[in-house]
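Undergrad: What follows is a predicted protein model with its sequence.
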Amino acid sequence: MDLKSNHTPILTDAAPMTKSRLGVHSSRLPYSPTGAAFPTSPLLTIPRKKTGILDDVRCSSWLDAMKSSSPTAMKITKDINHGFASSDADSAYSTWLLKYPSALSSFEQIANHAKGKRIALFLDYDGTLSPIVDNPDCAFMSENMRAAVKKVAELFPTAIISGRSCDKVHEFVGLTELYYAGSHGMDIIGPVRQSVSDDHPNCIRSTDNQGKEVNLFQPAAEFLPMIDKVLDSLIECTKDIKGAKVENNKFCVSVHYRNVEEKNWKTVGQRVFDILKDYPRLRLTHGRKVLEVRPVIDWDKGKAVTFLLESLGLSNCDDVVPIYVGDDRTDEDAFKVLREGNKGYGILVASAPKESKAVYSLRDPSEVMEFLKTLVAWKSGHLNSFV
């Protein structure tokens, strides 16, 4: 078993699920009505493994992943004291760009492929629309970025797919022109499509804050009581670790260790690991200086993209070009969906070389904003060389 896999649960015993149905959590209001029912979601059933020594091995593997910050990143050197990358790092990045060319320098190629077709745009939030910051509560996007997202959403169907809770992302972005998918796609506010409601029993019709009719899709709704209980346990067991922060992301819990001294990372990982021993229906995944606890269901950002394309009536269409822009390993599921189906383009946001399923790259959020502006200019006919 690959212990560093984004899909590897900490414990591997899937307890039997009941057929009970739970209403939408009250904090979801006003997006959904109280008491809306959801059927049971399919689980990934995995056989029980022995604990003890195996637990120690697993925890050690997770510590290795924590130390690497971004497990798929290639190692490069950087002069931290002087704040600039070494020549070796510059050379490595330039070589890496041959495999993942800049979406800006390659925009003419993208535009030529999209000519006469419909673009659907999907965006991650942290590290894509906002910079990665020490305090996750302060990951604000700039007003210039907000303006760029607003303009692009007026021209193309646009959705933000984030590991954050839907409410938190909506609070950060503050725009009504687009759709939101929080908790890695386990909490989706999307357009109303009757066929989607029929095909997906976890999808109900609701209204958003502006009174607009939407579909609310929450495939992990029955896990809410369990997630809330784990949230409380994780807050309690990490409260004495300086710099540790536990974030409630609705259908997943994030344990940030970015501000924890490296000598204490093992303690963070061990305590999270110990809590999850009692929750075989939850799994642990790793992001950028964050451990994330999620339900063991067959759902991720890639499936969220597929669901939203269906909701928008854009699936199985030869004249649709989906574009997904993201920076984290959780975005790889979306990149994979687009690459395998030859449906569009994944664009990885990275300032250092990483292995990825993406096709193109952008260096940082400032380049993301430039790319969005370029899309708007192209669609508006202001980039004549690309028309």
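TA: Arrived safely.

Undergrad: What helices and strands are in contact with the strand or helix carrying residue 332?
TA: Assessed by DSSP states H and E, residue 332 sits inside helix 332-340. Under the contact definition 3 or more CB pairs under 8 Å, 6 or more residues apart in numbering; DSSP states H and E, helix 332-340 sits against helix 301-311, strand 320-326, strand 345-349. Quick note: C-beta positions are derived from backbone N, CA and C, even for glycine.

Undergrad: Quick one: those as TSV, columns for mean neighbour count and mean pLDDT too.
TA: Formatted as TSV, the helices and strands packed on helix 332-340 follow (neighbours: other CB atoms under 10 Å; pLDDT from 0 to 100):
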stretch	mean neighbour count	mean pLDDT
helix 301-311	23	93
strand 320-326	25	97
strand 345-349	26	97
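
Undergrad: Redo the ones you listed as JSON lines? Include distance to residue 111.
TA: Formatted as JSON lines, the entries for those read as follows, by distance: least, CB to CB, whole Å:
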{"stretch": "helix 301-311", "distance to residue 111": "21"}
{"stretch": "strand 320-326", "distance to residue 111": "10"}
{"stretch": "strand 345-349", "distance to residue 111": "11"}
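
Undergrad: Determine which of these approaches residue 291 most closely.
TA: Distances from residue 291 to each of the helices and strands packed on helix 332-340 were compared using CB to CB; the shortest belongs to helix 301-311, at 17.6 Å.

Undergrad: between that closest one and strand 320-326, how many degrees?
TA: The directions of helix 301-311 and strand 320-326 differ by 150 degrees, with axes from the mean of the first three to the mean of the last three CA atoms, to 10 degrees as the criterion.

Undergrad: can you offset everything so residue one is 618?
TA: Renumbered: residue one is now 618, and that last one reads helix 918-928.

Undergrad: now helix 918-928: how far from the chain's centre is it?
TA: Remark: helix 918-928 is offset 13 Å from the chain centroid, using CA atoms, centre = their mean, to the nearest Å.

Undergrad: And stretch 743-753, by the same measure?
TA: For stretch 743-753 - counting by CA atoms, centre = their mean - the centre lies 13 Å from the chain centre.

Undergrad: Stretch 742-755 too?
TA: So, by CA atoms, centre = their mean, the centroid of stretch 742-755 is 13 Å from its chain's centroid.

Undergrad: So what would you say the end-to-end distance of that stretch is?
TA: End-to-end distance of stretch 742-755: 13 Å, with CA to CA, to the nearest Å as the criterion.

Undergrad: How about residues contacting that stretch?
TA: Outside of stretch 742-755, the residues within contact range by CB atoms under 8 Å, 6 or more residues apart in numbering are 740, 756-759, 762, 766, 777, 779-781, 786, 789-790, 862, 864, 871, 873, 875-876, 905, 942-945, 966, 981-982, 985.

Undergrad: hang on, residue 887 is in a strand, isn't it?
TA: No. Using DSSP: H, G, I helix; E, B strand; the rest coil, the assignment for residue 887 is helix, not a strand.
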